[in-house]
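Q: A structural model of the following input is requested.
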Amino acid sequence: MTAAPDIARLQSQFAQFAAHSLQEEPLYRAIAELVARHPDWAGLLAAAPPTQRWARLWFAALQDRVLARVEAGERAPLADYFPGADAPRAPDAALARHLGAFIETERDALRESIATRNTQTNEIGRCAVLWPVLQSLVEATGQARIALLDVGCSAGLNLGVDLWRYRWVDDGTGATVGTTPASRDARAPEIACRLLAGTRASAVTRDAAPVVVTRAGIDLAPVAVDDPAQIRWLRACLWPGDAERRTRFDAAVAIARTQAWPLRACTDAAAAIDAWLDDLPPGVTPVVFNSWVLAYFDDALLRAHVDRLLDGVARRGVHWVSAEDPTQSRTWWPAKPASAADSLPNATSWTLARPDGRGGVAWTLAATSHAHGRWMLCEG
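A: Predicted coordinates:
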């Protein structure tokens, strides 16, 4: 049995989530406020491993069960509130009753999902920041050929960074500042990203063209893009009110199914990175990428992982691109400069570690962005 103080902490997490992270998601905000007042509902999250005990996992489990019931033709009243189930209803006074009934019916299935699944948002919106970061690497190294490894790859959708279409717009005027070449497949999703004041236009209008020669992904549990149940779980990890994200997710999955990018299950990311480096063809720049993954590492694992990565930067020419929480980023780069965007909701620091040419590591704050790539700021 979970101790009362632990349940209270989980309830507090839902209250904080409602207050600070769900301003653009009214359904989840309303549900989070309800869960914060019901210890037995919040307590379901205690089934998760400590590193996964986040409210977003609880929401993913809930939405996955809603969608599974709809697919099975057993539509529960709670489904009426979920746009992903094609019949959105605004949160109202009946929501608490329908949520409680659904939780009682699905309690065992919800607990099982929370105990065994991971939140794997696989958000390709981040690629609108990753692509110009890769362009900057090409400019800095003079080497267009890139080998890309996504750590925490989920279904590997971010490995398609060179396939998706991008449009960067001025946050103040809405004017388009830069786009990717028109030659890219029109079926590929277009990702729009707002450039905050202070961002140089040159950050997204470079001529450099990275060529991804080889790409791969590693994850504790990679998601097979041809498995409908696994793809439904990824869709359940998206906020239900964000129709744009669902549309581009579906488009990206359709393209990924034609690519067969190699994804590998592993429990030791550092060892997997070393093995990947050993197999690379000559004449490529190895790029290791992670985005909102390292928060799930415990302290000891994180330290060991970062140490091995930085050794790879210094000794083996790795270029490490990390998109993580601004505060956590300082655990591996204590001198990371502050960004004017650090205090914005869902801010993400894009830190770049590359060889300094003297056997050490050179650091750059490549960008600060929204966690899903909705906006970015390049101040350098």
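Q: where in the stretch 51-200 of the chain is pLDDT low?
A: Counting by pLDDT under 70, the ranges of the stretch 51-200 of the chain that qualify are 84-87, 121.
Q: for it, what spans make up the strands?
A: In the stretch 51-200 of the chain, the strands defined using DSSP state E, counting those that start in this stretch lie at 145-151, 165-170, 176-179, 190-195.
Q: of all these, which one is nearest Arg315?
A: For these, proximity to Arg315 was assessed by Cβ to Cβ; strand 145-151 is nearest, at 16.5 Å. Any C-beta I mention is one placed from the backbone N, CA and C, and that applies to glycine too.
Q: who does the closest one pair with, and is each partner parallel or antiparallel?
A: Each strand paired with strand 145-151, and its direction, by DSSP bridges: strand 211-219 (parallel), strand 285-291 (parallel).
Q: can you tell me which of the strands of the stretch 51-200 of the chain is most buried?
A: strand 145-151 (a mean of 23; mean count of other Cβ atoms under 10 Å).
Q: distance from that strand to the middle of the chain?
A: 17 Å (Cα atoms, centre = their mean, to the nearest Å).
Q: mind listing residues that contact that strand?
A: Strand 145-151 has contacts (Cβ atoms under 8 Å, 6 or more residues apart in numbering) with 134, 137-138, 156, 158-159, 161, 210-219, 269, 273, 276, 280-281, 283-290, 293.
Q: and for stretch 43-62?
A: Residues outside stretch 43-62 that contact it (Cβ under 8 Å, 6+ apart) are 2, 6-7, 10, 13-14, 17, 28, 31-32, 35, 42, 102-103, 107, 110-115, 117-119, 233, 236-237, 296-298.
Q: let's see 7 Å
A: 2, 6-7, 10, 13-14, 17, 28, 32, 110-111, 113-115, 117-119, 236-237, 296-298 (Cβ atoms under 7 Å, 6 or more residues apart in numbering).
Q: ok, now stretch 213-223?
A: Here stretch 213-223 has contacts from 118, 120, 145-156, 159, 230, 234, 261-267, 269, 272, 276, 280-281, 284, using Cβ under 7 Å, 6+ apart.
Q: what are the C-alpha coordinates of that stretch, in CSV please?
A: What follows is stretch 213-223, C-alpha atoms only, in CSV (Å, rounded to 0.1, in the frame of the first residue of the first chain):
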residue,chain,number,x,y,z
VAL,A,213,24.2,9.0,-44.4
THR,A,214,23.1,6.6,-41.7
ARG,A,215,20.6,6.8,-38.9
ALA,A,216,19.5,4.6,-36.0
GLY,A,217,17.6,4.8,-32.7
ILE,A,218,17.9,3.2,-29.3
ASP,A,219,15.3,3.0,-26.6
LEU,A,220,14.4,0.8,-23.6
ALA,A,221,11.3,-0.2,-25.6
PRO,A,222,11.3,1.0,-29.3
VAL,A,223,7.9,1.4,-30.8
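Q: what mean pLDDT does it have?
A: Across stretch 213-223, the average pLDDT comes to 94.
Q: for stretch 353-367, same thing?
A: 96.
Q: what sits closest to Gly241 if chain neighbours are left out?
A: Glu25 (5.2 Å; Cβ to Cβ, 6 or more residues apart in numbering).
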